[in-house]
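In: model the structure of this input:
(chains A, B and C)
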Amino acid sequence: MGKLEAKIPQGPLSEKWTNYKAHQNLVNPANKRRLDIIVVGTGLAGAAAAASFGELGFNVKAFGIHDSPRRAHSIAAQGGINAAKNYPNDGDSVFRLFYDTIKGGDYRAREANVYRLAEVSNDIIDQCVAQGVPFAREYGGLLDNRSFGGAQVSRTFYARGQTGQQLLLGAYSALSKEIGKGSVKMYTRRDLLDVVIVDGRARGVIMRNLITGAIERHAAHAVVLATGGYGNVFFLSTNAMASNGSAIWKAYKKGAFFGNPSFTQIHPTCIPVHGDYQSKLTLMSESLRNDGRIWVPKFAEDAEKIRKGQMKPTELNEDRRDYYLERRYPAFGNLVPRDVASRAAKERCDAGFGVGTTGLAVYLDFADAIQRLGKHVIEARYGNLFQMYEKIVDENPYETPMMIYPAVHYTMGGLWVDYELQTTIPGLFAAGEANFSDHGANRLGASALMQGLSDGYFVLPYTIQNYLADQIRVPAFKTDLPEFEKAEKEVNDTIARLLSINGKNTVDSYHRKLGLIMWDYVGMARNKEGLMKAIGMIQELRDDFWNNVKVPGRNEQVNPELEKALRVADFIELGELMARDALSREESCGGHFREEYQTPEGEALRDDVNYTYVAAWEHKGEKAEPALHKEPLVFEFIEVKQRNYK
Amino acid sequence: MTKIMYASITKKIIMSLAGLFLTSFLVVHLSINLLILFDDSRQLFNEAAHFMATNPLIQTFQWVLFLGFIIHIIVGLILQIQNWLARPVRYDHKGSSELSFFSKYMIHTGAIVFIFLIIHFANFFVKAKFGHLAEIQYESGTYEDLGILVVQLFSDTGYVVFYVVAILLLGFHLEHGFQSAFQSLGLNHSKYTPVIKLAGTLFSIALTAGYIAIPLVIYFS
Amino acid sequence: MDLTLKIWRQASAEEKGKFVNYQVQNISHDASFLEMLDILNESLVTKGDDPVAFDHDCREGICGACSLYINGRPHGPDRGITTCQMHMRNFQDGETIVIEPWRARPFPVIKDLMVDRSAFDAIIQAGGYVSVRTGGVPDANAIPIKKRDADLAMDAAACIGCGACVAACKNASAMLFVSAKVSQFALLPQGRVEAQERVQKMVAKMDELGFGNCTNTYACEAECPKEISVANIARMNREFLAARIAAPKE
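Out: Numbers count the residues shown, from 1 in each chain, chains lettered A, B, ... in the order given. The predicted structure follows:
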């Protein structure tokens, strides 16, 4: 159990990070040049880390799955980034941001990590502005803020509805600067197929060149995984098509513990599913909930008529509408946290009040806001989102309410990391969505960007030095070590096996099946019976996959089907672990809702006595059951309460 | 250094300056040409032609003008060749993007105007400079009768057609070129650019109409 | 709806390509263009054929990966959107759709409809950044920025680097892409500091990579999925001219 040492520094909460930095080991400039770092993934966390490492003088090799780091899925984040600047003078502080984040995560995150996140949040805004990120401003020339779910202050900085894009392009420009200088070598269109461990430490990776199919070995003194989340386990999610969990899954199979795998965020405001050919779901920014009001018909017969197309939502009088979030949660209203909003939507739809042709949608209505503020204000705030909605749904949201439904959006779970963001494998770090660290059981809006950049710009550049300080005498690695040989052979064998099955079902058909199992049993509402059933179904699916999948073509070419097959093989296994984790956590918290554990009003019912811990899963071999380790969460500085947004 | 000297934008700026300069020449040329329509004796025109041919300042400036032409043509050709090279494999489906229409044909209109220019040069400039023109007596003195050359040429149907077509193409060239020059020089403004575009179109129409009016009036009278 | 697709197939950069016709049936009007291609690929895979390779990722119009030249227009017939945001309701039943890769010397075809756009990264690496290091920067509100300038910078920064401007331009010019980045930084005080060096370095790199010259056709603006204005090109011309005039003797 010594492996699960969180390494939280001593001292009062507000001094922990300062103390850590004051006493950690550093690497002197001459030695930095001799140390190699591999960064896998070049989204917010990866690009920020790679750029910062390069600036410090390390030799960096950065790997991305896309043709350019600018395409990483961080780019799609819309709403904004939180920081405790308190520019609006509305009572915000580092402590309040910390507290809101911990509470929003339903008390399943580590205090010290979250406090550090809140602490560096202000530096992130400064850094991004200095990079030329065009945040929204007021007429006086100073930065503008908006409010977001789960907070009573306005602390969200934004760049129209494209904040993720602008922050990523900022990190991308910093990375490009370092690539131009030669301190970072960028490898695009590469898929990580294995992590190489030498003498118990992460020393390299096996990559597949997605253009030539070449299997490459790369060695370094430390490896950082910043490969994002695994929401695509559900097939339909707001994640990009290429987003996958393979890198962290390979690390898990090499011995890194996986933290809270079942903690998945279902985002309340997505465009509803419209057909079985559908490839992904589109998110409508949570910021829409600032001005939009969510409702369903109050009477089931109205809902029925709307579903059949016999009635339009605009024809329904106010007294025949149910603004259920405002009704249930008067204090936060439409701005309740995501998990609460999603469950409430599901509850209404399950009860027969859903709209849209499938009955799986609720309204997000801007009529009031347009009347109060004028169409031009709404257009300035959300114009691009409205346009996006209209293109997809072919309805004008200025005239008729938007339809939304929850969809898988973010995975709070990820590789277990300590305070230094180091996994249980020495030398292997995980950053951004790929780690489990800061969001507990539910992430607040506008916190993902904050965490990615915090990890990349302000945490890893310090903590990785603490690790590398005792590596300065280790000469650069050769890739002809037997460990590399073996890892490459395994990768080649897996590829050869996939290509030789030549079954009758496409990769996507398995992915879709997996997605349905996950959505039905490991989705927004879970129960013991369903989860056990899901585990069985996933195991069957796994066998079926390895016997009947069809992967055409060769390895030595651009082969998107092979890429997908490798990812889906991992998703299937990961899905099983998610179900196991959900099964073992017999409480409801945040995004994890066990139907057996709820209050009479249908709110999540935590069990703090038995489940105030991080579930860290250890791989025990193929087909063997994984082992659960528990990192107890100790709350020294805040009082653990029932979440209440009423 | 050389790279920056001849950067794409530098070339575009040279093109636009040379183009605007040549446009000013077109205005001067037209205003002299139009004189031929004002009296049957061609006195105004011949006097002006004489002035242009003998004034030392104008004579010096003539070489600057030649240089302007040469630069505009050579740089234009270089740009065009680079542009062709930038897309070695063409699209199969014809491009149907919205764009400034005449911008597609600048090299074509330019090339035909260039051919016209050579013929025009041979017809007038070479004859006036090196050939022997008839002389005509006015009260103010004796002048070479360049005007009669104009009248003779514009009686020929084929030449008039050729002339009119060439001038129309020049008009098309100008229609895009005028506003384009401002854009290349970085002069784009939400308020003034629409004005420039409109002015460019009106200017091109006026200039074309002016040039075309001369052969038509002479031919039909 | 039923459609005929005339698609450019090319096994690799070295091999010669050709057009191949495919038929797809029963496509929903509500399907996106890429979902229509997914359906085609699924049927190709089932038959044991090589699926059509094309770049795509976020499928919500922001990553800039998708890049198809459809019936003579980058990102197809609709304005202000990417290929992934285009839905089949823009087409007629029975129509033949011609799908080609971006064509430009600096964008060589990798396979089928996939092209290599790393030239854009090379241009950014040449100077498309503000040279600040992580840490040690002033407070975010230390320098007020005129809202109008911040908005214009944001307009330019909205570029997703898809390359539609190059694909649409008859000269395969990258001026809209480059000028968007130059403008974003030129408009902000943080970027102003090294604006003169930046514009020269980026333009030099753009020229070196073999993009064509801008002849102000404005097709780029018409096809840009983010509707970035050619006013940015003028601003870059201005910046470049001023930088050249002001540049000290070397």
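In: please make it C-alpha for all contacts and neighbour counts, starting now.
Out: Fine.
In: what ranges do the strands span in chain B?
Out: Using DSSP state E, the strands assigned to chain B run over residues B:135-138, B:141-144.
In: go through the last one and flag the buried ones.
Out: Of the residues in strand B:141-144, those scored as buried under the neighbour-count criterion (16 or more other CA atoms under 10 Å in any protein chain shown) are B:143-144.
In: output the set of residues of chain B in proximity to chain C.
Out: Proximity of chain B to chain C (CA under 8 Å from any CA of the partner chain) is limited to residues B:3-4, B:7-10, B:12, B:79, B:82-101, B:103-104, B:180, B:183-189.
In: need the strands of chain B in JSON lines with mean pLDDT and distance to residue A:445, can you?
Out: Output for the strands of chain B, formatted as JSON lines (pLDDT from 0 to 100; distance: least, CA to CA, whole Å):
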{"stretch": "strand B:135-138", "mean pLDDT": "89", "distance to residue A:445": "90"}
{"stretch": "strand B:141-144", "mean pLDDT": "88", "distance to residue A:445": "86"}
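In: ok, which of those strands comes nearest residue A:428?
Out: strand B:141-144 (93.1 Å; CA to CA).
In: what packs against the closest one?
Out: When contacts are defined as 3 or more CA pairs under 8 Å, 6 or more residues apart in numbering or on different chains; DSSP states H and E, strand B:141-144 sits against helix B:43-54, strand B:135-138.
In: quick one: contacts of the shortest one?
Out: Spelled out, that is strand B:135-138. Strand B:135-138 is contacted by residues B:43, B:142-145 when judged by CA atoms under 8 Å, 6 or more residues apart in numbering or on different chains.
In: turn those into CSV, columns for distance to residue A:80.
Out: Converted to CSV, the contacts of strand B:135-138 look like this (distance: CA to CA, whole Å):
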residue, distance to residue A:80
B:43, 77
B:142, 83
B:143, 80
B:144, 79
B:145, 78
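In: in chain B, where is pLDDT below threshold?
Out: B:1-5 (pLDDT under 70).
In: taking the centroid of it, which residue is nearest it?
Out: residue B:26 (5.3 Å; CA atoms, centre = their mean).
In: and the longest helix along chain C, how far from the chain's centre?
Out: Longest helix in chain C by number of residues, with DSSP state H as the criterion: helix C:231-246. Here helix C:231-246 is found 22 Å from its chain centre; the criterion is CA atoms, centre = their mean, to the nearest Å.
In: what do you get for stretch B:139-158?
Out: Distance, stretch centre to chain centre, for stretch B:139-158: 21 Å (CA atoms, centre = their mean).
In: coming back round to it: nearest to residue B:66, out of the strands of chain B?
Out: Closest among these, once you apply CA to CA, is strand B:141-144, at 23.5 Å.
In: what parts of chain C come near chain B?
Out: Within chain C, the positions adjacent to chain B are C:71-73, C:98, C:100, C:103-106, C:168, C:170-173, C:200, C:203-204, C:207, C:210-219, C:222-223, C:231, C:233-241 by CA under 8 Å from any CA.
In: look up how far residue B:197 lies from the residue nearest to the centre of chain B.
Out: Distance from residue B:26 to residue B:197, counting by CA to CA, to the nearest Å: 19 Å.
In: returning to that earlier point: show only the entries of the residues of chain C next to chain B found in strands.
Out: C:73, C:98, C:100.
In: pull the number of nearby residues for the first one.
Out: Spelled out, that is residue C:73. Other residues near residue C:73 come to 26 when the count uses other CA atoms under 10 Å in any protein chain shown.
In: for it, give the beta-bridge partners.
Out: Note on residue C:73: beta-bridge partners by DSSP bridges are residue C:70.
In: so what's it up against?
Out: Applying CA under 8 Å, 6+ apart, we find residue C:73 in contact with B:95-97, C:168, C:223.
In: and the pLDDT for residue A:152?
Out: Per-residue confidence (pLDDT) for residue A:152: 86.
In: for the residue nearest to residue A:262 when sequence neighbours are not counted, helix, strand, or coil?
Out: Closest residue in space to residue A:262, ignoring its immediate chain neighbours: residue A:578 at 4.4 Å, by CA to CA, 6 or more residues apart in numbering or on different chains. Three-state call for residue A:578 (DSSP: H, G, I helix; E, B strand; the rest coil): helix.
In: tell me the buried residues in stretch A:466-475?
Out: By neighbour count on 16+ other CA under 10 Å, the buried set for stretch A:466-475 is A:466-469, A:471-472.
In: how about the residue of the stretch 51-200 of chain A found nearest chain B, nearest residue that isn't a chain neighbour?
Out: Here the residue of the stretch 51-200 of chain A nearest chain B is residue A:180; by CA to the nearest CA that distance is 19.2 Å. Nearest residue to residue A:180, sequence neighbours excluded (CA to CA, 6+ apart): residue C:125, at 4.9 Å.
In: am I right that the one you found is in a strand?
Out: No: counting by three-state DSSP, residue C:125 is not part of a strand but helix.
In: now do it against residue C:116, distance only.
Out: Residue C:125 is 16 Å from residue C:116, by CA to CA.
In: and the two? which has more neighbours close in?
Out: Ranked by neighbour count (other CA under 10 Å), residue C:125 and residue C:116 place residue C:125 first, with 23 against 17.
In: contacts only, for that one.
Out: Counted by CA under 8 Å, 6+ apart, residue C:125 has contacts A:173, A:176-180.
In: top of these by number of neighbours, please.
Out: Ranked by the number of neighbours (other CA under 10 Å), these place residue A:176 first, at 29 neighbours.
In: tell me what the helix or strand harbouring it is packed against?
Out: For residue A:176, the host element (DSSP states H and E) is helix A:163-181. Judged by 3+ CA pairs under 8 Å, 6+ apart, helix A:163-181 is in contact with helix A:44-56, strand A:184-187, helix C:118-127.
In: what about residue C:15, how many residues close to it?
Out: 11.
In: same check on residue B:198?
Out: Neighbours of residue B:198 using other CA under 10 Å come to 14.
In: try the one 5 residues further on
Out: Summarising burial for residue B:203: neighbours were counted as other CA under 10 Å, giving 17.
In: next one: residue A:414
Out: Residue A:414 has 29 neighbours, counted by other CA under 10 Å.
In: that one contacts residue A:260, correct?
Out: Yes: under the criterion of CA atoms under 8 Å, residue A:414 makes contact with residue A:260 at 6.8 Å.
In: overlap in contacts, these two.
Out: With CA under 8 Å, 6+ apart as the test, residue A:414 and residue A:260 both reach residue A:436.
In: what sits against the nearest residue to residue A:518 once chain neighbours are set aside?
Out: In this structure, residue A:518 finds its nearest non-sequential neighbour in residue A:234, 5.8 Å apart by CA to CA, 6+ apart. By CA under 8 Å, 6+ apart, residue A:234 lies in contact with A:408, A:511-512, A:514-516, A:518-519.
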